[in-house]
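> what would the 3D arrangement of this be:
(one chain, ligands or ions: 2)
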Amino acid sequence: MKTHSIFLSAQRPFPEAHTKPNAMTIDTSVIQLHDKQFKKLVTRDQIAHAVRRLAAQITQDYNGNEVVFVVVLKGSFLFAADLLREVTLPCTVEFIRAESYGALMHSSGTVSITHYTGQDLAGKHVVILEDIVDTGLTVRRIVTHLQNMNPMSLAIATLFFKPDVCRGTVEPKYVGFEISPLFIVGYGLDYNELGRNLADVYVLHTS
Ligand code: 5GP
Ligand code: MG
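Ligands and ions are numbered 1, 2, ... in the order given. This next block holds a predicted model:
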């Protein structure tokens, strides 16, 4: 009990700040981003649990070997930050950005690589970290780009996967959640750039 109260006071140096109504509170079950409402679908605890499970699987599979994690911007930044702190392998980190052009809430067919932070991947074990695989077009384009550098192995880890939509030829090896064809936001995922900082994941509220 003593330890618990010390922990609490360390966490809350200004307890009065927590007694006032907070206009910035966004952790409600329905939120608004731009013109749309979203309803909570996956909680931060469920996400943390899935991320720990994936990190443990990856750590076990690579068995002490060095891995290059290639983080897909922008959406995967929180997934990568949380996952990498749970992975106990020697590893390096690179970032890649792929853009698909078209509508805000579904993928278009044209994907191009706009940034890659540069390390040569020849002979390396590479794991791509994706926030979500929808049609699979984006990750397929990234796989093609990275395969050209002749890595020793290449695997995909994605937090969310829509198996009913995915028409890519590349299957993610590590999947946090399989979801039906829904549009989700939060934990890195945006709706027209808003919502990336939400700790929970929300789904488009249709009714
Ligand atoms: P793809 O269809 O190529 O697999 O996915 C392309 C990109 O569309 C993803 O990397 C992600 O940025 C975005 N995307 C796909 N599904 C969703 C979704 O449900 N929510 C959000 N916010 N973005 C998505
Ligand atoms: Mg993405």
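
> would you say I113 is within a strand?
Yes - counting by DSSP: H, G, I helix; E, B strand; the rest coil, I113 is located in a strand.

> okay, it: pLDDT?
pLDDT recorded at I113 is 89.

> and it, bridged to which residues?
Bridge pairing for I113 (DSSP bridges) gives the partners A98.

> that one reaches H145, doesn't it?
Yes - I113 is within contact range of H145, at 5.0 Å (criterion: C-beta atoms under 8 Å). Heads up, the C-betas are built off the backbone N, CA and C, glycines and all.

> show me which residues of the protein sit near ligand 1.
Within the chain, the positions near ligand 1 by C-beta under 6 Å from any ligand atom are 75, 100, 107, 132-138, 183-185, 189-191.

> farthest-separated two in those?
Using C-beta to C-beta, these reach their maximum pairwise distance at G136 and Y191, which is 20.9 Å.

> I'd say E99 and T114 touch.
Yes - between E99 and T114 there is a contact under C-beta under 8 Å: 5.4 Å.

> of these two, which one has the most company?
For E99 versus T114, neighbours defined as other C-beta atoms under 10 Å are more numerous around E99 (14 against 10).

> picking that back up, find the residues that touch each one of I113 and H145.
Shared contacts of I113 and H145, defined by C-beta atoms under 8 Å, 6 or more residues apart in numbering, comprise I96.

> now T169: how far from V133?
Separation of T169 from V133 (C-beta to C-beta, to the nearest Å) stands at 12 Å.

> the more surrounded of those two?
Of the pair T169 and V133, V133 is the one with more neighbours under other C-beta under 10 Å, namely 26 against 8.
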